[in-house]
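**Q** Got a predicted model here, sequence first, then my questions.
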Amino acid sequence: MEATMIALFFDDSLTVRQMAKPKAHTGEALIRVHSAGICNTDLEIIKGYIPGFKGIPGHEFVGEVVSSPDRATIGHRVTGEINGACNSCDMCRAGLQRHCPDRTVLGIINRDGAFAEYLTLPAENVVRIPDAIEDRQAVLIEPLAAACAILEQVAVGPDQSVLLIGDGKLAILIGWVLQATGCRLTAVGKHSHKLSLLSRAGIETVPLDRFKASRFDMVVEASGNPRGLAMALEAVRPRGTVVLKSTYADATSFDQARVVVDEITIKGSRCGRFEDAIRFIHNHKPPLERLITAEYPLRNGIEAFRHAQEHDSLKIVLNAGS
Ligand SMILES: [Zn+2]
Ligand SMILES: [Zn+2]
């Protein structure tokens, strides 16, 4: 096997490099990457918004296990939970490994990621992909799990009115997940062709310039824009819930009096469970491939990142080994 590999490396700027192949430490699996998706977090990394990260970004991937202490996974198609936990702190013991204070996060905190031909991950994080799920769908399991996390955190059902703010790739996944609960869902966004992916699923969509706030039981802010938070607070009913899926590069001010006076719950929401995402794909067959705008070979990663930053792009996928 080759001792080097191609990878995208961020160190003030993003470059394509020939690098040493990673070595699996004790308890880790070595995975040959097939494909990896570019997420907004990756775009923030290359803008330098995630302090202290130097290395290979990328955390949404499909690959094949080359070596692992869990021999049953070797040779299988897999993806992986991105948070590497210590397994001994209070959070970990409570089953909240995604919140371990000492965690590594694939391609985000202290661990090289998936924009490479190979990556390593704790063997326990590796999740086998059922044969019925193709690579082009499986590459979206991680963001789909993040969408499913909302249902792990708040009860959503047919008697509720829900507003989704945003029409990017994560927002669309959230829309599909919420729609499956039977709630009365309205989505508001700026881009008609992105909104059409939601309206095709039977979701009521409204262009941002025509939106008039009424009072929703729950508002999910997934626009990535701090104005989305202000809008969410205007659109939620008293005692309602705002779920925040977006992170903003800068500190954000918002109308906290509204939160206090109307007793609004604000829920932060990040990563979800992969098993929930795989079950969702199995039960609801969301048209995940429609989210993929373009695919590039890994060596053309810089061009792929440029494409990912264009306003009408959804998911851009990098294929290693091509
Ligand atoms: Zn992501
Ligand atoms: Zn821990």
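**A** Thanks, I have it. Residues are numbered from 1 along each chain as shown. Ligands and ions are numbered 1, 2, ... in the order given.
**Q** gap between the spatially closest residue to Gly202 that is not a sequence neighbour and ligand 2?
**A** Spatial nearest neighbour of Gly202, excluding adjacent residues (CB to CB, 6 or more residues apart in numbering): Gln179 at 6.5 Å. Quick note: C-beta positions are derived from backbone N, CA and C, even for glycine. The gap separating Gln179 from ligand 2 is 35 Å, by CB to the ion, to the nearest Å.
**Q** So Gln179 is in contact with Ala187, correct?
**A** No: the criterion here is CB atoms under 8 Å, and Gln179 misses it with Ala187 at 9.2 Å.
**Q** For the two, work out which one has more neighbours and name it.
**A** Taking neighbours as other CB atoms under 10 Å, Gln179 and Ala187 compare with Ala187 leading, 28 against 19.
**Q** Please confirm that that one is located within a strand.
**A** Yes: Ala187: assigned to a strand according to DSSP: H, G, I helix; E, B strand; the rest coil.
**Q** ok, now which ones touch the closest residue to it other than its chain neighbours?
**A** Closest residue to Ala187 apart from its sequence neighbours, by CB to CB, 6+ apart: Leu164 at 4.3 Å. Residues counted as contacts of Leu164 (CB atoms under 8 Å, 6 or more residues apart in numbering) are 171, 174-175, 178, 185-188, 198, 203, 219-220, 222.
**Q** can you redo the residues you listed as TSV with distance to Ile108 and pLDDT?
**A** As requested, these are arranged in TSV below (distance: CB to CB, whole Å; pLDDT from 0 to 100):
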residue	distance to Ile108	pLDDT
Ala171	20	97
Ile174	20	98
Gly175	25	98
Leu178	26	98
Leu185	30	97
Thr186	32	97
Ala187	27	98
Val188	29	98
Leu198	28	97
Ile203	30	97
Val219	27	98
Val220	22	98
Ala222	19	96
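**Q** and those residues, which two are the farthest apart?
**A** Within the contacts of Leu164, two members stand farthest from each other by CB to CB: Leu198 and Val219, at 15.5 Å.
**Q** of the two, who's got more company?
**A** Using other CB under 10 Å, the more surrounded residue of Leu198 and Val219 is Val219, with 30 against 25.
**Q** Can you give the contact residues for the helix or strand that one falls within?
**A** According to DSSP states H and E, Val219 maps onto strand 216-221. Residues from elsewhere that reach strand 216-221 (CB under 8 Å, 6+ apart): 150, 154, 156, 160-166, 174, 178, 183, 186, 228-229, 231-232, 235-237, 240-246.
**Q** Check Gly52 and give its pLDDT.
**A** pLDDT, Gly52: 79.
**Q** Now whichever residue of the chain sits closest to ligand 1: closest residue in space, sequence neighbours ignored.
**A** Residue nearest to ligand 1 within the chain: Cys39 (2.9 Å; CB to the ion). Of all residues not flanking Cys39 in the chain, Glu60 sits nearest, at 5.7 Å (CB to CB, 6+ apart).
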